[in-house]
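>>> Mind folding the following:
(one chain, ligands or ions: 1)
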Amino acid sequence: MSRLLVIGCGGVASVAIHKCCQVSEVFTELCIASRTKSKCDALRKELEGKTATELTTAQVDADHVEEVIALIESYKPDAVLNVALPYQDLTIMDACLETKVPYIDTANYECENTDDPEWRAIYEERCKRLGFTAYFDYSWQWAYREKYEKAGITALLGSGFDPGVTSVFTAYALKHYFDEIHNIDILDCNGGDHGYPFATNFNPEINLREVSAPGSYWENGKWVETKPMEIKREYDFAQVGKKDMYLLHHEEIEALAANIPGVKRIRFFMTFGQSYLTHMKCFENIGLLSTTPINYEGKEIVPIQFLKALLPDPASLGPRTVGKTNIGCIFTGIKDGKEKSIYIYNVCDHQECYREVGSQAISYTTGVPAMIGAMMVLKGLWNKPGVFTTDEFDPDPFMEALNQYGLPWVVEENPVLVD
Ligand code: NDP
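Got it, this is the predicted structure:
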């Protein structure tokens, strides 16, 4: 019996809410709150009559802490699931702290205005100190650890697929298969085809900022940064086939480097087709990926936000996307003095997701773990005061829930390794 406040009503939120509504015995009441209330009302209308979860909706601009606090005080949720954008992480964390309500999200904090001089000074110091230049990192949210501990509430960070499930896979591998993990390769393959010349599978602004940035990986206790898309490999993915994949910076590397004892190297690869990369390079070359506002006929516009308005809404890709995703981690390390390697992965079919919840597999593979993360916290299974990533709890109940709620996984022994 619990009451969840979900903030955001985009592609990921829609799946998380659909899944919560399938588990009404846990999520007895749920409030869908977002900037555009009409989207929340439309989703509520779609779900009502099909679920025992009691749904309400609200308007909230989560950039304003006081608005989130007022909503929490009036709705009185047992937890808040933030599936808005990474830009709202800190304001929502502040509101949860003020009202002493547990917090869950799927992506770490990123500053919307990267030209803000105050933010930039902290960012540039961090680039020098840590050695990677991504706009997002955990330092902003890890700074809340003591405050959450004192308030006696849990913040669960990054409960999507990657980050999220990939870190649960790591904790599971360490618990059941290894004495020590030495190398982790996280492989994110999308073998889906939506038929458009160019579209992103989740929020275009967040996606393009991530993909066009320099890559980096963790090796022997430090970050190694690469040029964007500099490191390319080919891998033959189960149920998808051979794909080119590129090394990217990714946020779970930071948490796993801090939390997995003895780890020597952590890399993250994502598959991209040549057409996607050519389009992206062209947008970049003509300035359309810029976050710096320009003046156009007397109005300020941010180029990447203008591009977002032109591109297909990721939530609309569901009916047209065919094919499968394959996301997982290859681990190598030591068990009982012997070297071993395993690959834990999930395969998800875009059309099956669409038939079940009306979304493609990228939203599905993020929304399901978001629901499971909220369920772990609400059931008290993952509940300790402080700020944590998903590798810092017992992985077993989460792994069981993945099998139960639509993201079954397999463990392959002696997989083909990435060189
Ligand atoms: P969408 O753009 O589809 O949805 C974002 C939602 O947030 C929209 O409903 C939007 O409202 C709302 N929103 C934006 N700003 C505010 C605000 N100030 N106050 C209240 N609501 C706001 O994004 P996605 O669903 O694709 O992504 C959601 C999150 O999931 C992102 O943080 C993304 O980084 C993360 N993600 C994580 C993954 C993982 O595996 N861990 C993978 C994919 C995504 P409006 O309709 O008004 O614009």
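>>> what is the rounded mean pLDDT of stretch 35-51?
Mean per-residue pLDDT for stretch 35-51: 97.
>>> Verify the stated contact: Leu402 with Pro395.
No - contact between Leu402 and Pro395 fails when scored by C-beta atoms under 8 Å: they sit 9.8 Å apart. From N, CA and C alone the C-beta is placed, and that goes for glycine too.
>>> what sits in contact with each of these two?
Val168 (C-beta atoms under 8 Å, 6 or more residues apart in numbering).
>>> What is the burial count for whatever residue of the stretch 301-419 of the chain ends up closest to the ligand?
With C-beta to the nearest ligand atom, the shortest gap between the stretch 301-419 of the chain and the ligand falls at Thr366, namely 4.0 Å. Residues lying near Thr366 (other C-beta atoms under 10 Å) number 27.
>>> quick one: it is in a helix?
Yes - judged by DSSP: H, G, I helix; E, B strand; the rest coil, Thr366 forms part of a helix.
>>> quick one: contacts for the nearest residue to it once chain neighbours are set aside?
Leaving out its chain neighbours, the residue that sits closest to Thr366 by C-beta to C-beta, 6 or more residues apart in numbering is Gly160, at 4.0 Å. Residues in contact with Gly160 (C-beta under 8 Å, 6+ apart) are Val12, Thr106, Ala107, Thr365, Thr366, Pro369, Ala370.
>>> per-residue confidence for Gly160?
98.
>>> tell me what the helix or strand of the chain with the lowest mean pLDDT is packed against?
Ranked by mean pLDDT, DSSP states H and E, the weakest helix or strand in the chain is helix 204-211, scoring a mean of 84. Secondary-structure packing of helix 204-211 (3 or more C-beta pairs under 8 Å, 6 or more residues apart in numbering; DSSP states H and E): helix 274-285, helix 303-310.
>>> ok, 7 Å please
Contact here means 3 or more C-beta pairs under 7 Å, 6 or more residues apart in numbering; DSSP states H and E; on that basis helix 204-211 packs against helix 303-310.
>>> mind listing what's buried in the helix or strand just after the helix it packs on?
The helix or strand immediately downstream of helix 303-310 is strand 324-335, counting by DSSP states H and E. Using 16 or more other C-beta atoms under 10 Å as the test for burial, strand 324-335 gives Lys324, Thr325, Asn326, Ile327, Gly328, Cys329, Ile330, Phe331, Thr332, Gly333.
>>> Kindly report the same for stretch 150-162.
Quick answer for stretch 150-162 (16+ other C-beta under 10 Å): Ala151, Ile153, Thr154, Ala155, Leu156, Leu157, Gly158, Ser159, Gly160, Phe161, Asp162.
>>> got it, and stretch 113-130?
Tyr123, Arg126.
>>> Quick check: mean pLDDT of that stretch?
For stretch 113-130, the per-residue pLDDT averages 91.
>>> List the contacts of it.
Stretch 113-130 has contacts (C-beta atoms under 7 Å, 6 or more residues apart in numbering) with Cys111, Thr133, Tyr135, Asp137, Ser139, Trp223, Thr291, Thr292.
>>> That one and the ligand, are they touching?
No - using C-beta under 6 Å from any ligand atom, stretch 113-130 never reaches the ligand; the gap is at least 13.2 Å.
>>> for the ligand, what are the nearby residues on the chain?
7-13, 34-36, 39, 60-63, 83-86, 88, 106-107, 158, 160-164, 202-203, 206, 314-315, 366.
>>> Just the buried subset of these, please.
Buried, going by 16+ other C-beta under 10 Å: 7-13, 34-35, 39, 60, 62-63, 83-86, 88, 106-107, 158, 160-164, 202-203, 206, 314-315, 366, out of these.
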